[in-house]
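>>> Predicted coordinates and the sequence they were generated for:
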Amino acid sequence: MTARPRPPVTRRSLLRGGLGLGLGAGAAALAGCTVPGTSSVNTEPTVPPAGPDETVTLTYWAWLKELQAVADVWNAENPRIQVEISWIPGGNDGGYQKLYSALAAGSGPDLAQVEMRSIPEFMLVDGVVDLGRYGIDDYADRFDPTLWGQVSFAGGVYGVPQDSGPTALYHRPDLLEEVGAAPPETWRQWAEIGAEVRDAGRFMGTFPLADTSVFAAHAMQAGAVWLSAEDEGWVIDMAGESTLEVARFFDAAIDDGIVSTQLQPFSPGWFAAAAEGRIATLMSASWGDALLEGVSDAEGKWRVAPLPQWPSGYGSAQLGGSTTAVLANSAHPREAMEFAVWLNSSAAGIDGLIEHSGIGWSANPGHIGAPRQGGSEFFGGQAYNTEIFAPAAEQQNPDWQWWPTTQQTFNVLADAFRGKAGGTSLVDAVVQAEADTMEVFREKGLTIRRAAR
Amino acid sequence: MSTTTSSTTTSGTPRPAGSPARGPGRRRRPAATAVAPWLLVTPFLLVFLISFVLPILMAVGQSFTRVERRGLFGEEGVTSTFAWFENYRLALEDGSFLASIGRMLLFGVVQVPVMIALATVLALLLESAAARWPGFFRAAYFMPYGIPGVLATILWSFLYVPGLSPIVDVVHSVTGVEVDFLGSGTVLWSIANIVTWTYTGYNMLIIIAQLKAIPAELYEAARVDGAGPARIATAIQLPLIRPALMLTTVFSIIGTLQLFAEPQLLAQVAPAIDSQYTPNLSAYTTAFAYNDYTVAAAQAVLIALVAFVLSFSFLRLTNRRS
């Protein structure tokens, strides 16, 4: 064997071709390309409303199911402004990626479902319209002030609150009674009961290491404000005392085996464990009710109680929550805003969203939704919405704000939390995540300083 | 590609170096035959340029750009500047990104040889004279390749998740050991298992194609010389399928660095998989979750460079040895 089969394209010719092509066109491309999201829609003149005999068609990208049924209610009443829904995957599971690339390409829908926590991230790429310039302030009194605070930045309003997730304690009364306990009123009691539940071979709850929004909700309830936007820049207080207290508490709960770190709530493994009766309590939001019904053979076994309390802080916290945002490339931002206000604050809109799309907690405190008034069979007849979640929605941390790198901070924190199995503590992770977040801000050119403490 | 091959074959006649080709009329062809190939490849070239070359150039350009914002969100102004290698510095300083490349190297060093060896053994077995129903088994081994990676991962995840997995249950009841397929130390090999399951049959098919190209006289000659099946495999088949083995290995090395769908999906059930578990996941997260397109572009260029270096050094290594 002397002749070796030769590849059809020799390496040399490939290299030569690639180099020539690269050098030649590279210089031209370098000069011509711009990075997406670096021009501002909110400094351009506002778009005037459509004429009286002009028909406007709006597109709304959202991951709510059957949303078109709700939009059709609006479409029937407003022949001039027609809304078409396109489904996208939820948030960071692919929806945002679609939105970001559409924005980067200079297109995209008029409206998009954007989580409360992601509004600042969309602001950073100049993806959302400041609705203050289109008169949204006239409608401010229809919405929950806490949620309104989370979409308002630097004098502007960047999304219409759609739903939120006030948290409470889902629990199995039978499993608690087994150790002679009632639903705990403080987190300290929760841990004490948890030790006995553990001895009975169950978990008191779970602490997901990978989904740090749960940890953020605990810190929010304890009164922490991780980042706040001030005139001279961002102020970070992630490793403040209230957060560290929560971190120490769950460090101990994990070390004592009271909580599972493996079973992420509503993951297949968690559902299996819950069906076997190995989970006694679950801190989750109002939207957790529908998911809980997916636990096999759980009918009538679960109840809802107010969240246990930290020594200071608030009665409840917020886990999840979305907005309807008007995107930068919309040709009709005023009409889009009108639809968004109707969808999220009118009785017809909210009831439709609950009935068809199963949204979280209504953003309008005046109307929690007709379907949420009575008792629930799954929860043994408990009228948990009016009894537990309506008060919880009013006991929120009003100072909490989201920031332009929320997802990155959550990921950084999750990466640090994963070290818990290898011996580092949650407290270390929080301190580390604070430093990393500051670094990320500085790399983007944003001003940030650590809070005085 | 096609133009290169044709030009190498037509101008393949050796010519003294330095003397320009001035053969009378040899080079002159009617205009139509000169233009026709270009006309025919234009549709391909256009799509190739727009969807392949241009995006690559843009990514390279962005990897040298830096975006500076002022104010809380950049509302007071955004500037783009030429940044030299600043984005590359940021990408290389990112421990998680480097760790993801290291993780894929480890993955490749173990998974690629195992898969290629497995594919070779299967191919040799199916091509041996004693094989029963080779057509059926060839199709059966190839079938996993027809299942999209996403579905394969979902299928396998049901065999991995504790509480759902019959494997975990059976192992637990037989040995008392609680196997954890999704732990931080094991999940990489759980992914390797999915990838091996998917691509072994595909690689096997490439090798079989090359085996079928071996002339029958060689087998006859070997048998006349008294060679058994094992001797035929080592002395005839393995040396002659070297090109196929090299091809499949290079493809596998590149594929390893581009691993994306399997870890992305498995992350839903495996907390040990973080947002930067593989290089491609890292670039994807940086671009579309963190909106940092410039650093993501630098990461993408680095991934391509590593893939180039690995593939070419593998080719060089194997070429030198022969």
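Alright, I've got the coordinates. Numbering: from 1, shown residues only, chains lettered A, B, ... in the order given.
>>> Taking chain B, what residue is nearest to chain A?
Proximity of chain B to chain A (CB to the nearest CB) peaks at B:G163, 3.2 Å away. C-beta here means a position set from N, CA and C on the backbone, and glycine is covered the same way.
>>> so what's that residue closest to, chain neighbours aside?
Excluding its sequence neighbours, the residue lying closest to B:G163 (CB to CB, 6 or more residues apart in numbering or on different chains) is A:A272, at 3.2 Å.
>>> Find the helix or strand that the one you found is a member of.
helix A:268-275 (DSSP states H and E).
>>> next one: that helix to chain centre, how far?
23 Å (CA atoms, centre = their mean, to the nearest Å).
>>> For it, list every residue counted as buried.
Buried residues in helix A:268-275, defined by neighbour count with 16 or more other CB atoms under 10 Å in any protein chain shown: A:P268, A:G269, A:W270, A:F271, A:A272, A:A273, A:A274.
>>> Go through those and name the one nearest B:F288.
Comparing the buried residues of helix A:268-275 against B:F288 with CB to CB places A:P268 closest, at 25.9 Å.
>>> distance of the closest one from chain B?
Here A:P268 is placed at a distance of 5 Å from chain B (CB to the nearest CB, to the nearest Å).
>>> same deal with A:S228?
Distance from A:S228 to chain B, by CB to the nearest CB: 10 Å.
>>> again with A:A168
24 Å.
>>> And for A:L353?
26 Å.
>>> quick one: pLDDT of that residue?
Looking at A:L353, its pLDDT stands at 95.
>>> Quick one: residues contacting the residue lying closest to it once chain neighbours are set aside.
With CB to CB, 6+ apart as the criterion, A:L353 has its nearest non-adjacent residue at 4.4 Å, and that residue is A:I359. A:I359 makes contact with A:L64, A:Q162, A:D163, A:W287, A:S322, A:I350, A:L353, according to CB atoms under 8 Å, 6 or more residues apart in numbering or on different chains.
>>> Check the secondary structure at A:I359 for me.
With DSSP: H, G, I helix; E, B strand; the rest coil as the basis, A:I359 sits in coil.
>>> So it versus B:F251, what's the distance?
From A:I359 across to B:F251, the span is 47 Å (CB to CB, to the nearest Å).
>>> What residue in chain A comes nearest to chain B?
A:A272 (3.2 Å).
>>> got a pLDDT number for the residue nearest the centre of chain B?
Central residue of chain B (CA atoms, centre = their mean): B:G255, 2.2 Å from the mean position. At B:G255, the pLDDT value in this model is 88.
>>> Now for the nearest residue in space to it that is not next to it in sequence: which residues touch it?
Closest residue to B:G255 apart from its sequence neighbours, by CB to CB, 6+ apart: B:Y199 at 7.3 Å. Going by CB under 8 Å, 6+ apart, B:Y199 touches B:M115, B:P144, B:Y145, B:S252, B:G255.
>>> tell me which element residue 119 falls in.
Going with chain A. helix A:119-124.
>>> looking at chain B here, not the other one
In this assignment (DSSP H and E), B:A119 forms part of helix B:95-127.
>>> center of chain A, which residue is that?
A:G320 (4.0 Å).
>>> Tell me which helix or strand in chain B has the weakest average pLDDT.
helix B:2-10 (a mean of 39; mean pLDDT, DSSP states H and E).
>>> Surely the residue nearest to the centre of chain A is within a strand?
Yes: according to three-state DSSP, A:G320 belongs to a strand.
>>> Return the residues of the stretch 151-300 of chain A in contact with chain B.
A:153-154, A:208-210, A:229, A:233-234, A:261-262, A:264, A:267-269, A:272-273, A:276 (CB under 8 Å from any CB of the partner chain).
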